[in-house]
Each structure stands twice: as C-alpha cells, then as structure tokens.
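Participant: I'd like to go over a predicted model; first the sequence, then the structure.
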Amino acid sequence: MDNINKDILEQYCAMQQEARDLRRRIEEGERYLEKSKEEGYLVADTVTGSRPDLTIGPIKVTGFPFPEYERVKKMTRQRIAKLQILEDDLLEATNKVDDFINAIPKSELRMMFRFYYLDDLTWHQVARRMSSLFPKKKYTEDSCRKRHDRYLEKSE
C-alpha cells in the first residue's frame, strides 16, 4: 500500500465529519425557518417620533425580518444541494475504503478497520465489539489502535 490508500482513509473520515456538520447546519436553518413561521418571529426597534396623540417620544416598531428569513432559506437550500453532492462523493469514497479494507489479509484486522471507518466507532467501541466477537481474546482500545497503526506503517 502507498500513501494514496492512507489518504483515502483520512479523506473519508474528513468527508464524514463534513457531512455531519452540513446536516447540523441544515437542521439549524430549518429550525429557524419553522420557528419564524410558527411564532411569527418579529424584530423590534424603538425610534423617536410623534405618536398618534401628537406628542414626541419613543415608539416601538415591529415587523417580520423578511431579508433575514429569505437569506436563511436560500442558504439552507444551498446547503442541501451541497450535502447531496457530498453524499455522492462519500458513497464513492466508501466504496474505495471498502475495497481497501477487503484487501487486508487478516480477518481480525479487516473487522477492526470496518468498525472504525465504516461503522464510525471509537477505538474503545471497536475493542468492546472485538472482545464480544472473540471472547477468548482480550482487546483493548490501545491494542486495536496500535494494530491499525502498525498495519498502515508496514504497508507504506
């Protein structure tokens, strides 16, 4: 293996995080839009002017923030489009990662890589899952991570 395969793994992890971040931002935008519609979200300001009784003083002005609402709506639509593109790229990257993992000669190591990269588990969770699958062996967070690191170093 060369650095290209290691880069694929790193890029895949970064793409997963980017997709999560985009989903979170889309949800925030959609929550804002829903809240604005349901609650009739208003902006308010106080200005000095003449009141209906012709006295001069502070007057509270309220209104719906159409420019802000439309900006958030447009940005949310753009983020949804970006997410669709990213998910297509992520599917392609998932296939590359899966091909890389399938090329690993040892079954246990393949399982660790699948749990870590494809199932997006932490090393602690990988160790627990491996221990439950192979009760006669003791897997720790560090032992799984080190086997992963050694394989990548050896394969370079």
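Facilitator: Done, it's in.

Participant: For Arg25, which residues are in contact?
Facilitator: Residues in contact with Arg25 (C-beta atoms under 8 Å, 6 or more residues apart in numbering) are Arg79. C-beta: built from backbone N, CA, C; applies to glycine.

Participant: Find the residue closest to Glu87 in space, skipping its chain neighbours.
Facilitator: By the measure of C-beta to C-beta, 6 or more residues apart in numbering, the closest residue to Glu87 outside its immediate chain neighbours is Ala19, 6.4 Å from it.

Participant: State the distance from the one you found to Val72.
Facilitator: Per C-beta to C-beta, to the nearest Å, Ala19 is found 20 Å from Val72.

Participant: Over to Glu153?
Facilitator: 47 Å.

Participant: Would you mind telling me which of the two has the busier surroundings?
Facilitator: Just comparing Glu153 and Val72: by other C-beta atoms under 10 Å the higher neighbour count belongs to Val72, 17 against 9.

Participant: pretty sure the more buried one contacts Arg31?
Facilitator: No: with contact defined as C-beta atoms under 8 Å, Val72 does not reach Arg31; the gap is 10.1 Å.

Participant: how many neighbours does the residue nearest to Glu87 have?
Facilitator: Neighbour number of Ala19 under other C-beta under 10 Å is 16.

Participant: Offset the numbering so it begins at 105, please.
Facilitator: All set: I'll call the first residue 105, so the last point we hit is now Ala123.

Participant: Read off the pLDDT value for it.
Facilitator: What the model reports for Ala123 is a pLDDT of 95.

Participant: That one looks like it's in a strand, true?
Facilitator: No: read with DSSP: H, G, I helix; E, B strand; the rest coil, Ala123 is helix and lies in no strand.

Participant: Could I get the full set of strands for the chain?
Facilitator: For the chain, the strands defined by DSSP state E cover 147-154, 160-167.

Participant: what distance separates the last one from the centre of its chain?
Facilitator: Pointing back at strand 160-167 there. Centroid separation between strand 160-167 and its chain, computed with C-alpha atoms, centre = their mean, to the nearest Å, is 43 Å.

Participant: same deal with stretch 200-208?
Facilitator: Taking C-alpha atoms, centre = their mean, the mean C-alpha location of stretch 200-208 is offset from the chain mean by 23 Å.
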